[in-house]
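Participant: here are the coordinates; sequence isn't available:
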């Protein structure tokens, strides 16, 4: 797993570590349970499949975590991901430009859209739920318009699928061919975790969610920082867009809606408060893994699809309730 | 504190035990079907056929598909989980053949036969493809059309597109059959409306204006057929025989009211059934034909409520 | 002493309100200058203009003799002006040090936050203030008093020479207030000029050098604190003389017992508490902060779970599991924090009064009888003298005292004959306080049984027929009200620790 982010407050480390330990323990419990339930679960190929399946939701959940810590919500992460994938398709397939430009274009498009969402929220004071709901629909529509409602394939850029499905680790340690998509997820998690704990941007992220008015009264450019956080989240959605496009070797323009709810669920299971002010990337990653393991494990056990949905819903509610009980006891 | 979390695991366990097929006995052959959809009536009918075959041949079958046909990545996750279960064979209807290629290769390497179903998989890995013989089905539509207009006159086609396999096959099946069997019938126009109801309506209006003596129109899929019906209604045209394809509430209603003479329906139950049957055959090393026709049926006002017809129709 | 601030001819309008009219204020280095006035007199508005939170419509502000424009909190900070807000402006999820230096975090040469330096800097400020506070503690875990210290440290971290304190002791107990005063004196001796906004007369006399009084947004006058009688200051504030009444204690020997509590226990804050309350009686609850008074009230009201003991209402035992049960038994609780628990601020007066009795004003189709409601609301507005333009005024636009009356009306309408008041005059100005006192007395005369929880001893002494004193969750004694009891006696019981408790708690 990722290392615990270096925080300078010893007491906070103690309580934070305890919380993560619990979330981690529940993840382990699920792994043990499914391993006992089916011999096919704990196989290298299946574990890699779970990680691969988690990578896109994990990256989106990281983006959602940032916005949720500021006390906002971002419903546009799913369709923004698709939009950036389509932009990559336009640059690489329609225009035939080299791959790095496609990567840059996707992340830049994501950042720009995040900037717009952030400006709507911070400067025009539109409630985040509404602003990002609007963005969600706008981006969904634009993806269809730009792509002509058909998938854009990346057949002219043969190295493009390697972004997600290649394995840098596997080329060094052939026994564990961890897909690059998973590697990117964990590297991104480390980077954003560090950002949250060690940079001013991260500090304002928590401060805004904790008491926005206090930040403003302290003479800080609260609106500007908020826009920056939404823009960063948008850029991260661009990375998710690259991952999913690379994995499917195509930009699927109709995909994306509904993915924001999976991302928010992962954030919440990971113990980040929807009220803002508290949260962690490590928790979010564990939350995303819990969801990935759960879905895969239920499939491995051949649970009927209808019931998979029911169990997932129940687990989300239960995980959050357990976390609330624990918090209440901890005071 | 850990108790609470382990409670969570216990909850999962309880639900699982209550719902998972406990009869997953090890000696039974296991065949997962990964489909293009799940909630839609058409896919539920495919699932019903697969379940029927499972009971009949004593194998275990699971059926999964993403919520929408856009969720290509979710289908990949389902296919990956299905492969992890080391199944005897796999049934697969690809949303995007390209995206699925790495996983299909994985199946091939593991010696797991893949049976493609519905529109199939654009690859040589599948042992066979269970699908509707669209050429033959459209041929039957042509015969019915000839019969209904008295063997002579002008007819037109509204097709969903000229690039997809189904579009090409249904068009050619209809046209060829007319040429061979009904030389007195003239096909005056073939137009493409992307399966979009509105676009198909406009196309049909243009055809009707250009050919006031038109005797019949064939709509080659659900959207095209409904477009044709709309145009006839809006222009107040009478005396034009309309033949449709597939079902859906609107077409069924039109057939009952007489606005549509009849339609070809595929046999989704048959697709599911034949897929499982072919999968079992593949595990035994039997050679299979390149495609297996799952069958189709003509239905009109007279037989729409017959049990075996009603069973393959959906709303 | 040199003059550091001179504000003159300040005008400020808010929509529908002329908040400041030709207001003025001056401040000298090394003085504590109290700013007084009833709520709505314009004190906070004037100081927010000085701190750059509001901008004046017109008028002049001079800092150290030169004319300035303060167009934001940053500009005020740069001029050495710091403000400690009445409603603390802290970020509860951040640590003490992170709060102090928000917006000015020390960074190392790669631009990365230097948390160690941050904590060292905070530590240095606390050392200078002689306050032992852990810079790495999470603010949400601190007491209000400690949070206040964080605010002061934050203001000082700007090297503020001018410090504005808006009701800093509102939530502090006596010991904490003493600590705050010690800090104020130290700052003063270092030449820091302090503006002190408060309602508490005794504090003003003790801590301030000069007092400026405002009324209705206008300047009334400035007097020296030492040789001006409190009555003079009060009459300058309210514009009229206030009568100084002391309570007449009725003989309630024959009055029926309305509420009896036996051996009530809940957690560490409520331990074996027993008392009786008669109809027509006002029972005061005194004690230091954290003595468990509010907790007792919450358990009686069913807001917190009861772990042991009995509650008898009018002689019969009642099971109170939640506030609905309590209301059903005729118990009303007027919480300490009106804004958070007692009122729906965005709703009008009528709606708030009806909040707990809506079922009585609606038919079986859940249609609300607005005409009936209006009649009832209007009658309470008249009988309680609630100052509001109409019963359809939003409650958030009323002053603290009038908000409190709305809460009282709400419970009276609900037919509650046992009323528990938790800090009924917090944040309410002097004139309105006297009115609330009179109201409580008339409620008691009308046969209501009343519990008043208050941290202000003069208030407890002035109101109560009997005084229950608590310490660390235990009831350490019940004293008679009126002049027979001294503040000293109450304090003795309020500080009586566990080992001496056994005899007194019954």
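Facilitator: Structure's in. What do you need? Bear in mind that the values here come from a model prediction, so they are computed numbers and not experimental data.
Participant: Show me the strands in the stretch 51-200 of chain B, by range?
Facilitator: B:60-64, B:90-92, B:114-117, B:128-131, B:153-159, B:185-192 (DSSP state E, counting those that start in this stretch).
Participant: Can you add distance to residue C:137, mean pLDDT and mean neighbour count and give those back as JSON lines?
Facilitator: C-beta: built from backbone N, CA, C; applies to glycine. JSON lines is the format used below for those (distance: least, C-beta to C-beta, whole Å; pLDDT from 0 to 100; neighbours: other C-beta atoms under 10 Å in any protein chain shown):
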{"stretch": "strand B:60-64", "distance to residue C:137": "51", "mean pLDDT": "94", "mean neighbour count": "23"}
{"stretch": "strand B:90-92", "distance to residue C:137": "58", "mean pLDDT": "95", "mean neighbour count": "28"}
{"stretch": "strand B:114-117", "distance to residue C:137": "61", "mean pLDDT": "93", "mean neighbour count": "28"}
{"stretch": "strand B:128-131", "distance to residue C:137": "68", "mean pLDDT": "92", "mean neighbour count": "24"}
{"stretch": "strand B:153-159", "distance to residue C:137": "73", "mean pLDDT": "95", "mean neighbour count": "24"}
{"stretch": "strand B:185-192", "distance to residue C:137": "71", "mean pLDDT": "92", "mean neighbour count": "17"}
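Participant: and the ones you listed as TSV, adding distance to chain A?
Facilitator: Below are those laid out as TSV (distance: least, C-beta to the nearest C-beta, whole Å):
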stretch	distance to chain A
strand B:60-64	5
strand B:90-92	13
strand B:114-117	17
strand B:128-131	21
strand B:153-159	18
strand B:185-192	15
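Participant: residues in contact with residue 23?
Facilitator: Since no chain was named, I'll use chain A. Taking C-beta atoms under 8 Å, 6 or more residues apart in numbering or on different chains, we find residue A:23 in contact with A:269, A:270, A:271, A:283, A:286, A:287, A:290, A:323.
Participant: my bad, chain C
Facilitator: Counting by C-beta under 8 Å, 6+ apart, residue C:23 touches C:7, C:9, C:10, C:11, C:12, C:42, C:46, C:59, C:214, C:217, C:218, C:219.
Participant: Separate out the buried members of these.
Facilitator: Taking 16 or more other C-beta atoms under 10 Å in any protein chain shown as the criterion, what is buried in these is C:7, C:10, C:12, C:42, C:46, C:59, C:214, C:217, C:219.
Participant: Go through the helix or strand in which the fifth one is found and flag the buried ones.
Facilitator: The secondary structure element spanning residue C:46 is helix C:43-50 (assigned by DSSP states H and E). Applying a neighbour-count criterion of 16+ other C-beta under 10 Å, one finds C:43, C:44, C:45, C:46, C:47, C:48, C:49, C:50 buried in helix C:43-50.
Participant: quick one: it to chain centroid distance?
Facilitator: Relative to its parent chain, helix C:43-50 has a centroid offset of 19 Å by C-alpha atoms, centre = their mean, to the nearest Å.
Participant: Would you mind measuring the gap between the ends of stretch C:418-428?
Facilitator: Using C-alpha to C-alpha, to the nearest Å, the end-to-end distance of stretch C:418-428 comes out at 23 Å.
Participant: How many neighbouring residues does the closest residue to residue B:266 other than its chain neighbours have?
Facilitator: Distances taken as C-beta to C-beta, 6 or more residues apart in numbering or on different chains place residue B:132 nearest to residue B:266, at 4.3 Å, with adjacent residues excluded. Other residues lying near residue B:132 total 25 when counted by other C-beta atoms under 10 Å in any protein chain shown.
Participant: Same check on residue B:101?
Facilitator: So residue B:101, with other C-beta under 10 Å, has 17 neighbours.
Participant: How about the residues of the stretch 1-150 of chain A by chain B?
Facilitator: Contact residues (C-beta under 8 Å from any C-beta of the partner chain) of the stretch 1-150 of chain A with chain B: A:22, A:25-26, A:29-30, A:32-33, A:37-38, A:40-41, A:43, A:45-46, A:49, A:52-53, A:56.
Participant: List only buried entries from those residues.
Facilitator: A:22, A:25-26, A:29-30, A:33, A:37-38, A:40-41, A:46, A:49, A:52-53, A:56.
Participant: picking that back up, among the buried ones among the contacts of residue C:23, which pair sits farthest apart?
Facilitator: C:59 and C:214 (14.3 Å; C-beta to C-beta).
Participant: tally of neighbours for residue 216?
Facilitator: Went with chain A since none was named. Neighbour count for residue A:216, taken as other C-beta under 10 Å: 17.
Participant: Wait, chain C was what I had in mind.
Facilitator: Residue C:216: 15 surrounding residues under other C-beta under 10 Å.
Participant: separation between it and residue C:37?
Facilitator: 9 Å (C-beta to C-beta, to the nearest Å).
Participant: Also residue B:147?
Facilitator: On the measure of C-beta to C-beta, residue B:147 and residue C:37 end up 99 Å apart.
Participant: okay, those two: which has more neighbours?
Facilitator: In this view residue B:147 and residue C:37 are compared by other C-beta under 10 Å, and residue C:37 has more residues nearby, 26 against 12.
Participant: unless I'm mixing things up, the more buried one is touching residue C:214, no?
Facilitator: Yes. Between residue C:37 and residue C:214 a contact is recorded at 3.8 Å, counting by C-beta atoms under 8 Å.
Participant: Could you pull out the residues contacting both of those two?
Facilitator: C:43, C:220.
Participant: sorry, back to before: quick check: next helix or strand after the helix holding residue C:46?
Facilitator: Per DSSP H and E, helix C:43-50 leads on to strand C:58-63 as the next helix or strand towards the C-terminus.
Participant: Contacts only, for the nearest residue to residue B:216 once chain neighbours are set aside.
Facilitator: Using C-beta to C-beta, 6+ apart and skipping the chain neighbours, the partner closest in space to residue B:216 is residue B:241 (3.8 Å). Listed by C-beta under 8 Å, 6+ apart, the contact partners of residue B:241 are B:145, B:148, B:149, B:215, B:216, B:217, B:261.
Participant: Just give me the closest of the residues you listed to chain C.
Facilitator: The shortest approach to chain C among these belongs to residue B:261, at 53.4 Å (C-beta to the nearest C-beta).
Participant: how far away is the closest one from residue B:299?
Facilitator: Separation of residue B:261 from residue B:299 (C-beta to C-beta) stands at 11 Å.
Participant: Tell me which of the two has more neighbours.
Facilitator: Shown here are residue B:261 and residue B:299; by other C-beta under 10 Å, residue B:299 has more neighbours (23 against 20).
Participant: Right, I'll leave it there.
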